[in-house]
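[1] give me a model of this one.
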Amino acid sequence: MIPDSFKQDLLNRVDIVDVISPRVPLKKSGANWVGLCPFHGERSPSFTVSQPKQFYHCFGCGAHGNAIGFLIEYSGLGYVEALRELADGVGMKLPELRPDAGRRKAPEGPDLYEFLERAAGYYREQLKGSTRAIEYLKGRGLTGRTAARYGIGYAPAGWQNLAAAFAQYEDKALVDCGLVIENEGKRYDRFRDRVMFPILNQRGTVVGFGGRVFEGDSGPKYMNSPETPVFEKGRELYGLSQAREAIRKANRVVVVEGYMDTVMLAQYGVENAVATLGTATTPAHVQKLLRQADEVVFCFDGDAAGRRAAWHALEVSLELLSDRKAIRFLFLPAEHDPDSYLRAFGREAFEADVARAQPLSAFLLAGLKDRTDLSTLEGRSRLIAEAKPLVGRVAAPALRAQLVHAVAEAVAMTPSEAARLMALRDATTMREERAPARIERTSTAVEGRVERALLACVLAAPELASELEVQTLDAARAEARAIVEVRDLLRAQPTVRTVGGVLEAFRGSEHEPVLVAAERILLDLRLDGESAALVLRDAQANLLNRRNKARHTELHQRIAAGLATGEERAEFARLSVSRPGLSETPQTSSKTL
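    Numbering: from 1, shown residues only. Got it, this is the predicted structure:
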């Protein structure tokens with residue numbers, strides 16, 4: 001675990017504008033910076049970066065966070081990787097992870113990346129002396145040049161071969177980075193008698209391995225490194241580091257299913273290919289892919305398993321679609337994988353097929369139509385029902401509108417009828433729902449909005465935490481609980497000075513959604529220290545008024561029911577005097593209720 005104090009110190013040194021501006025063009029707008037959101041397609045800038053408060057927020061899609069969160073979402077980095085990149089940029093050294101979290105051995109020991117790099121070098125050396133591994137790769141058509149480009153190696157048979165590469169084979173870090181398994185006091189190499197494929201992160205650093213058995217050997221065909229502090233399988237893509245330049249040049253990335261598929265495509269000249277790591281496609285994969293190019297082509301086998309994998313990739317892509325990006329699907333003949341297809345038909349034929357790959361919309365509609373009989377009323381009704389949850393998740397507004405038209409045509413309805421049956425809202429309605437509501441400084445504020453305004457004031461000016469009167473809060477409200485927690489944090493940790501710092505302190509907690517709502521208010525009202533103090537006083541007056549009103553009503557009912565004590569009647573009288581216009585003390589008749 002990385003100490004919270006280090007994270008806050010890092011965020012205090014980092015300027016979020018310096019982090020975002022090289023990746024997203026920004027323009028100054030008052031105290032903030034604005035630009036086109038990198039997380040969804042838009043023509044008018046709704047992506048706002050607050051330099052004084054060190055956080056970003058998109059009023060279009062709701063993306064938000066601090067500098068750490070931006071790197072995770074934009075670059076697809078893991079949490080530790082994002083911290084490391086920020087720390088490198090400001091000359092800070094990431095502290096060694098505590099051994100009690102199972103991440104590093106000791107403060108003076110080498111980090112996990114060094115262990116993985118050393119293991120990769122060891123596996124490469126072992127390949128040179130393994131006739132069997134060399135013959136296997138040659139049999140697959142792999143050249144030495146391609147093997148060297150991808151750092152392919154070999155893990156020898158045997159239980160503790162890595163002891164030759166690591167003098168301290170008992171070092172806990174070997175377990176932490178997934179190279180060694182420890183079971184009932186015994187240690188042994190995770191990868192044995194396998195061709196090894198190093199997995200690199202976006203910076204070209206080894207973060208894990210994939211190991212393949214030889215043809216005819218027992219055991220799983222592929223074995224991946226386990227999840228570690230530096231390796232998250234659902235975020236990484238094999239071959240991305242090597243393919244980056246070709247992807248940029250083609251403005252297209254081809255996604256295949258295996259390590260060898262990626263390597264052999266590159267050898268045939270299709271260098272813009274990457275692979276998922278033996279797992280189903282994740283939203284993090286799709287986000288990372290769409291940041292690399294305007295067109296993503298998923299290439300799957302044409303059998304039932306390949307089509308199921310493709311449908312899953314479609315489903316996780318829907319909420320990430322943009323009208324400026326394209327996702328396509330290519331299905332190879334059942335008897336071919338990318339390697340055999342290229343051998344049989346050549347690079348030009350494969351690239352022509354990629355260029356003609358089925359658009360996501362066509363794959364979606366074909367899949368829906370295949371599930372039902374459109375010649376019957378019941379079948380057309382089912383198509384509407386099947387389409388509803390899928391079309392409703394499409395984030396690209398123009399594409400979604402066209403899908404509604406296509407579905408309507410398929411079921412012989414008008415687009416408006418189809419949209420109504422699928423309960424789809426138009427773009428204007430969705431924008432209004434996403435847009436932040438302005439906070440009125442009156443006692444008629446909408447449920448929970450006064451608390452959110454109060455929280456926004458404290459985020460705008462942390463020194464106001466000392467003025468919070470939490471006794472007026474209703475602890476049953478999520479906003480009230482968040483206010484108390486933020487107040488306690490700011491009092492206990494004076495190094496937390498920005499919204500970005502507060503967001504980091506509550507990352508993943510129950511209070512994070514409330515903080516996000518408050519940060520939108522902060523931007524919308526353009527709160528600074530002086531205006532925040534005014535709004536805070538009004539908000540606290542509103543809360544006190546609301547509490548007194550609720551208590552007045554409660555006492556009114558108790559008196560009417562004949563249950564009030566003398567003290568309660570006196571309290572009711574005091575509240576009635578402080579609230580002009582309220583009725584006099586009620587009689588005990590039910591008619592006064």
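[2] could you check how far D111 is from S241?
    19 Å (Cβ to Cβ, to the nearest Å). Using the backbone N, CA and C atoms, a C-beta is placed for each residue, glycine as well.
[3] so which strand or helix has E485?
    Here E485 sits within helix 478-492, counting by DSSP states H and E.
[4] which elements pack onto that helix?
    Packing partners of helix 478-492 (3 or more Cβ pairs under 8 Å, 6 or more residues apart in numbering; DSSP states H and E): helix 449-460, helix 499-505, helix 512-525.
[5] keeping just the C-alphas, turn that helix into PDB.
    Provided in PDB are the C-alpha atoms of helix 478-492 (Å, rounded to 0.1, in the frame of the first residue of the first chain):
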ATOM      1  CA  ALA A 478     -25.700  10.400   2.400                       C
ATOM      2  CA  GLU A 479     -24.700  14.100   1.800                       C
ATOM      3  CA  ALA A 480     -24.700  14.700   5.500                       C
ATOM      4  CA  ARG A 481     -22.400  11.800   6.200                       C
ATOM      5  CA  ALA A 482     -20.000  12.900   3.500                       C
ATOM      6  CA  ILE A 483     -19.900  16.400   4.900                       C
ATOM      7  CA  VAL A 484     -18.900  15.100   8.400                       C
ATOM      8  CA  GLU A 485     -16.200  12.800   6.800                       C
ATOM      9  CA  VAL A 486     -14.800  15.600   4.700                       C
ATOM     10  CA  ARG A 487     -14.700  18.000   7.600                       C
ATOM     11  CA  ASP A 488     -12.800  15.400   9.700                       C
ATOM     12  CA  LEU A 489     -10.400  14.800   6.900                       C
ATOM     13  CA  LEU A 490      -9.600  18.400   6.400                       C
ATOM     14  CA  ARG A 491      -9.100  19.000  10.100                       C
ATOM     15  CA  ALA A 492      -6.900  15.900  10.600                       C
END
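[6] show the contacting residues for the nearest residue to Y188 once chain neighbours are set aside.
    Leaving aside its sequence neighbours, Y188 sits nearest to W159 (Cβ to Cβ, 6 or more residues apart in numbering; 4.3 Å). Applying Cβ atoms under 8 Å, 6 or more residues apart in numbering to W159 gives the contacts 188-189, 192.
[7] what sits against V297?
    252-255, 327-330, 354, 357.
[8] tell me which of these is nearest to V470?
    Nearest to V470, judged by Cβ to Cβ, of the contacts of V297 is I327 at 48.8 Å.
[9] quick check, pLDDT for G219.
    pLDDT, G219: 75.
[10] spit out the contact partners of it.
    Neighbours of G219 in contact, by Cβ under 8 Å, 6+ apart: V213.
[11] for the residue nearest the centre of the chain, report the pLDDT, please.
    Note on the chain: the residue nearest the mean C-alpha position is E73, at 5.5 Å, using Cα atoms, centre = their mean. pLDDT, E73: 76.
[12] isn't it up against A63?
    Yes: here E73 reaches A63: they are 6.8 Å apart, a contact under Cβ atoms under 8 Å.
[13] spit out the residues that contact those two alike.
    Common neighbours of E73 and A63 (Cβ under 8 Å, 6+ apart) are F39.
[14] quick one: buried residues of the longest helix seen in the chain?
    Across the chain, the longest stretch assigned as helix under DSSP state H is helix 529-560. The neighbour-count check on helix 529-560 (16 or more other Cβ atoms under 10 Å) flags 532-533, 535-536, 538-540, 542-543, 552, 555-556, 558-560 as buried.
[15] outline the domain layout of this structure.
    Following automatic domain parsing, one finds the domains of the chain at 4-95, 105-224, 245-256+280-365, 376-434, 437-593.
[16] can I get the ones you listed in a markdown table including distance to R235?
    Below are the domains of the chain laid out as a markdown table (distance: least, Cβ to Cβ, whole Å):
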| stretch | distance to R235 |
| --- | --- |
| domain 4-95 | 6 |
| domain 105-224 | 9 |
| domain 245-256+280-365 | 5 |
| domain 376-434 | 20 |
| domain 437-593 | 16 |
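[17] which stretch among those domains comes nearest G269?
    domain 245-256+280-365 (5.1 Å).
[18] ok now the closest one, how far from the chain's centre?
    21 Å (Cα atoms, centre = their mean, to the nearest Å).
[19] show the end-to-end separation of that domain, please.
    34 Å (Cα to Cα, to the nearest Å).
[20] once you drop chain neighbours, what's closest to A82?
    L71 (4.0 Å).
[21] quick one, which of the domains of the chain is nearest to T262?
    Nearest to T262 among the domains of the chain is domain 245-256+280-365; the distance by Cβ to Cβ comes to 5.8 Å.
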